[in-house]
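J.: Sequence and predicted structure, then a few things I'm wondering about:
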2 protein chains.
Amino acid sequence: MVEVIFFDLDDTLVDTSRLAELARKNAIDNMIQHGLPVDFETAYNELLELIAEYGSNFPHHFDYLLRRLDLKYNPKWVAAGVIAYHNTKFAHLREVKNARKALIKLREMGYRLGIITDGNPIKQWEKVLRLDIDDFFEYVVVSDFEGVKKPHPKIYQKALKIFGVKAEEAVMVGDRLYSDIFGAKRVGMHTVWFRYGKYANRELEYEQHADFKIDDLLELPHVVEVLKNGSNKEVHTNR
Amino acid sequence: MVEVIFFDLDDTLVDTSRLAELARKNAIDNMIQHGLPVDFETAYNELLELIAEYGSNFPHHFDYLLRRLDLKYNPKWVAAGVIAYHNTKFAHLREVKNARKALIKLREMGYRLGIITDGNPIKQWEKVLRLDIDDFFEYVVVSDFEGVKKPHPKIYQKALKIFGVKAEEAVMVGDRLYSDIFGAKRVGMHTVWFRYGKYANRELEYEQHADFKIDDLLELPHVVEVLKNGSNKEVHTNR
């Protein structure tokens, strides 16, 4: 019997990757418009390399970009990048298609909802609040607040404890086969892999841990009905 | 002969203090709307005290606010505060009345313009770029970039060196009698005290260092004409 449905946040409920790409392109554009003496392709590719090496949460992307391009530090260019990046983020933050529709339907069906996400608690909460989806969720579990990241079993066990349910009463929905699906399956949860964004064809070595595979969040009501009827291992949506 | 006019940024060209007050009030409002269990007056006054103690650039205002209110840390409330604060800042950033008109007029009269400001270079540049006033200025001198703050003579001497002018060929315009007026006068610049905002009646012990006193930036073209005609010590606007 399923009682709680947990969601990953980035690229499951919030359209993060597409937004980040747009924000980075606008940042480079604005830096060039304010005098950065490099062409767009060179600067953008350097930024992508930098992000690949230092991670997307590294706080000095634009400073390091200038160093990599052998340019003197110029706070004007950095500010131009920061402004365009933030403006884009604030103006273009979107739900993943059908996220809100699916959340409404699942609440209507009586399910309790939660979020289990990695990242900085304030930044993750910012996305939830800016999208105005906080009222759907009983609790938002953020890894950097709990001190343990997905796919570590502890973050999933903490979430189960907070909701007071057993693993088999919970479903985890996420776009990452490794952190979301493998992680949740290891503690015994039901798992739904949402094939979306840049991880739609990655980490396939963990695919066997996905009980279900969906391409649209609106398939979720059907999936949980199947689980409710206890035939989860027989019927796999889209498989 | 005056050649260059330097401006302070906050509360001289950018209407910072009024904006900060509005942003803080909106932050508290939004925190309460998302469940902060404290009334507005209590929370706002605690925030003002905190800012008075830790400074307005302290990066953990909202975290510390929760501690001071004996509340458990809650990233949702902090995020609600941060969002409202930033939204306000971005939506309401304004020039000080007549700033742009005065800058246009001074450029038309042939003067070279600069900014000498304290603060974080990226944050200060953000204000300049968001207001789209950067094209008026040959150079923006920011203390945290130069490693020396107003009223230290070095920051004024650096500015003079960058522009290649002598102190008596430069005017400093600012709202702070201590950091702007006393600081610039010590190196020999002409000084114009712009009586505006919360410092309009403070630091009066440094008032003797102000050559001119104005209440509106549009008085500046007249002031520099007076200086040009060499009678600066006789005629003081509004004195």
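T.: Cool, got the structure.
J.: Need the nearest residue in space to the residue lying farthest from the centre of chain A, chain neighbours excluded.
T.: Within chain A, residue A:72 marks the point farthest from the mean C-alpha position, 35.1 Å out by C-alpha atoms, centre = their mean. Closest residue to residue A:72 apart from its sequence neighbours, by C-beta to C-beta, 6 or more residues apart in numbering or on different chains: residue A:66 at 7.4 Å. Just so you know, the C-beta spots here come from the backbone N, C-alpha and C atoms, and that holds for glycine as well.
J.: Let me see the backbone angles for that neighbour.
T.: phi -60, psi -40 (degrees, to the nearest 10).
J.: Was I right to think it contacts residue A:73?
T.: Yes. Between residue A:66 and residue A:73 a contact is recorded at 5.8 Å, counting by C-beta atoms under 8 Å.
J.: what pLDDT does the residue farthest from the centre of chain A get?
T.: pLDDT, residue A:72: 91.
J.: so what's the backbone phi/psi at it?
T.: The phi and psi torsions at residue A:72 (degrees, to the nearest 10) take the values phi -70, psi 140.
J.: can you check residue A:144 too?
T.: In this entry, residue A:144 is assigned phi and psi values of phi -70, psi -20 (degrees, to the nearest 10).
J.: Same check on the one 4 residues further on?
T.: As for residue A:148, its main-chain torsions (degrees, to the nearest 10) stand at phi -150, psi 140.
J.: and it, how many neighbours?
T.: Under the neighbour criterion other C-beta atoms under 10 Å in any protein chain shown, residue A:148 is assigned a count of 16.
J.: right, and it touches residue A:155 too?
T.: Yes. Assessed by C-beta under 8 Å, residue A:148 is found in contact with residue A:155 at 4.9 Å.
J.: Give me the buried positions along the worst-scoring helix or strand of chain A on mean pLDDT.
T.: Across the helices and strands of chain A, mean confidence by mean pLDDT, DSSP states H and E is lowest for helix A:143-146: a mean of 83. For helix A:143-146, burial by neighbour count (16 or more other C-beta atoms under 10 Å in any protein chain shown) applies to A:143, A:144, A:145, A:146.
J.: Quick check: next helix or strand after that helix?
T.: Remark: after helix A:143-146, the chain's next helix or strand is helix A:153-163, criterion DSSP states H and E.
J.: Okay, buried residues for that following helix please.
T.: Within helix A:153-163, the residues that count as buried by 16+ other C-beta under 10 Å are A:155, A:156, A:158, A:159, A:160, A:163.
J.: just stretch A:35-44 next, same as before
T.: Here stretch A:35-44 shows A:36, A:38, A:43, A:44 as buried, counting by 16+ other C-beta under 10 Å.
J.: quick check, nearest of these to chain B?
T.: residue A:36 (12.9 Å; C-beta to the nearest C-beta).
J.: In three-state terms, label the closest one for me.
T.: coil (DSSP: H, G, I helix; E, B strand; the rest coil).
J.: got a list of what it touches?
T.: Contacts for residue A:36 (C-beta atoms under 8 Å, 6 or more residues apart in numbering or on different chains) come out as A:28, A:43, A:71, A:77, A:80.
J.: That one and residue A:42: what is the separation?
T.: The gap separating residue A:36 from residue A:42 is 10 Å, by C-beta to C-beta, to the nearest Å.
J.: these two touch, right, residue A:133 and residue A:100?
T.: Yes. The pair residue A:133 / residue A:100 is scored as a contact, 6.7 Å apart, by C-beta under 8 Å.
J.: neighbour-wise, which of the two wins?
T.: When residue A:133 and residue A:100 are compared for neighbours, residue A:133 comes out ahead with 21 against 16, by other C-beta under 10 Å.
J.: Strands along chain A, start to end?
T.: Using DSSP state E, the strands of chain A run over A:4-7, A:112-117, A:139-142, A:170-174, A:190-194, A:212-214.
J.: I'd like the average pLDDT over the shortest one.
T.: Across strand A:212-214, the average pLDDT comes to 97.
J.: gap between it and the chain center?
T.: Relative to the chain's own centre, strand A:212-214 is displaced by 17 Å; criterion: C-alpha atoms, centre = their mean, to the nearest Å.
J.: partners of it in the sheet?
T.: Partners of strand A:212-214 in the sheet, by DSSP bridges, are strand A:190-194 (parallel).
J.: Report the distance from the strand it pairs with to the chain centre.
T.: Averaging C-alpha positions (C-alpha atoms, centre = their mean) puts strand A:190-194 14 Å from its chain's average.
J.: CA atoms of that strand as PDB?
T.: Extracted in PDB, the C-alpha atoms of strand A:190-194 (Å, rounded to 0.1, in the frame of the first residue of the first chain):
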ATOM      1  CA  HIS A 190       9.200   1.800  -5.000                       C
ATOM      2  CA  THR A 191      10.900   3.700  -7.800                       C
ATOM      3  CA  VAL A 192       9.700   5.700 -10.800                       C
ATOM      4  CA  TRP A 193      12.400   6.900 -13.200                       C
ATOM      5  CA  PHE A 194      11.300  10.100 -14.900                       C
END
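J.: who touches it?
T.: Outside of strand A:190-194, the residues within contact range by C-beta under 8 Å, 6+ apart are A:2, A:8, A:12, A:168, A:170-175, A:177, A:180-181, A:184-185, A:207, A:209-215, A:217, A:220, A:223, A:227, A:232.
J.: ok, now with 7 Å
T.: Residues outside strand A:190-194 that contact it (C-beta atoms under 7 Å, 6 or more residues apart in numbering or on different chains) are A:2, A:12, A:170-175, A:177, A:181, A:184-185, A:209-214, A:217, A:220, A:223, A:227, A:232.
J.: tell me the average confidence for it?
T.: Mean pLDDT, strand A:190-194: 98.
J.: what's the angle between it and strand A:170-174?
T.: 20 degrees (axes from the mean of the first three to the mean of the last three C-alpha atoms, to 10 degrees).
J.: Skip the chain neighbours and tell me the closest residue to residue A:148.
T.: Take residue A:148 and drop its neighbours on the chain: the residue closest to it by C-beta to C-beta, 6+ apart is residue A:154, 4.4 Å away.
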